[in-house]
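Visitor: Need the 3D shape of this:
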Amino acid sequence: MYFIPRNNRVYHYIAHTRLKNRYLFTGFFVAGIIFFSVYFIQRIITVYTVLYAQQVEVLKKQYKEGERIGIKNKQLTAIIQDTKKEIEEHVFLGNSEEYFKNQLLFILNEVKNNGLKLNSYGIQKEKSYEWYKKEIAHFDLTGSLKQVIDFFKVIKNSKKMVSVRQVSLVRVDEQVFHVHCDIEFILVLPDQKVENKSLQL
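Guide: Below is the predicted model of the structure:
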């Protein structure tokens with residue numbers, strides 16, 4: 001058992017201080033400890049609250065970014081599926097010469113339908129690649145600006161595997177424009193994994 005020596009200051013205080021003063025001092029001492037404990041605990045709680053709030057904001061931003069990426073992925077998936085379907089629709093199983101002939105006739109008919117004057121045209125022999133064939137036609141046309149624009153709009157909206165390249169537009173007079181352009185006809189070959197290829201023509 002532990003005993004406090006009589007000459008010890010703590011013992012002297014306990015033995016000679018009034019009971020009321022001892023209780024007051026002890027009460028102030030305990031209250032001070034509680035006050036400082038609560039103060040420092042509150043400071044720690046405040047710091048961690050701020051850190052957790054920052055983490056919550058970061059997580060919210062990451063969640064919103066994840067949602068945005070998910071929506072974007074769904075849109076891209078839909079675009080890819082539509083593109084695959086469109087390419088499959090343009091796979092031609094017949095004779096390539098007949099195909100390119102029909103594509104050329106389509107362009108010539110649209111030249112006529114849009115009121116353009118066909119000065120000349122020439123065909124470059126078809127080229128074969130791994131999963132498609134391509135043929136290029138060179139056109140020399142004359143017409144008004146509206147006729148030229150309408151002609152290219154028809155080609156754009158036709159959903160045919162046709163690409164317009166190397167367009168040169170020269171103004172002859174106030175209402176007449178001279179157009180030089182190359183029009184490429186694309187033939188997608190069957191039984192190819194088109195979705196794994198890069199469509200670089």
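Visitor: quick one, phi/psi of residue 114?
Guide: Residue 114 has phi and psi values of phi -90, psi 10 when expressed as degrees, to the nearest 10.
Visitor: For it, which non-adjacent residue is spatially closest?
Guide: Of all residues not flanking residue 114 in the chain, residue 151 sits nearest, at 4.4 Å (C-beta to C-beta, 6 or more residues apart in numbering). (Each C-beta comes from the backbone N, C-alpha and C, glycine too.)
Visitor: Distance-wise, check the one you found relative to residue 143.
Guide: To residue 143, residue 151 is 8 Å away according to C-beta to C-beta, to the nearest Å.
Visitor: between the two, what contacts are shared?
Guide: Shared contacts of residue 151 and residue 143, defined by C-beta atoms under 8 Å, 6 or more residues apart in numbering, comprise 114, 116.
Visitor: so where does the residue nearest to residue 114 fall, helix or strand?
Guide: Following DSSP states H and E, one finds residue 151 within helix 145-157.
Visitor: Quick one: list the elements packing against that helix.
Guide: The contact analysis (3 or more C-beta pairs under 8 Å, 6 or more residues apart in numbering; DSSP states H and E) places helix 145-157 against helix 96-113, strand 132-143, strand 162-171, strand 177-188.
Visitor: The first one packs against which elements?
Guide: In terms of contacts (3+ C-beta pairs under 8 Å, 6+ apart), helix 96-113 is packed against strand 117-128, strand 132-143, helix 145-157, strand 162-171, strand 177-188.
Visitor: can we see that at 7 Å?
Guide: Applying 3 or more C-beta pairs under 7 Å, 6 or more residues apart in numbering; DSSP states H and E, we find helix 96-113 packed against strand 117-128, strand 132-143, helix 145-157, strand 177-188.
Visitor: just checking, residue 140 touches residue 181?
Guide: No: using C-beta atoms under 7 Å, residue 140 is not in contact with residue 181; the gap is 8.6 Å.
Visitor: Settle it for me: which of the two has more neighbours?
Guide: Set side by side, residue 140 and residue 181 show more neighbours around residue 181, with 19 against 15, by other C-beta atoms under 10 Å.
Visitor: residues in contact with that one?
Guide: Each residue near residue 181 by C-beta atoms under 7 Å, 6 or more residues apart in numbering is listed here: 139, 164, 166, 167.
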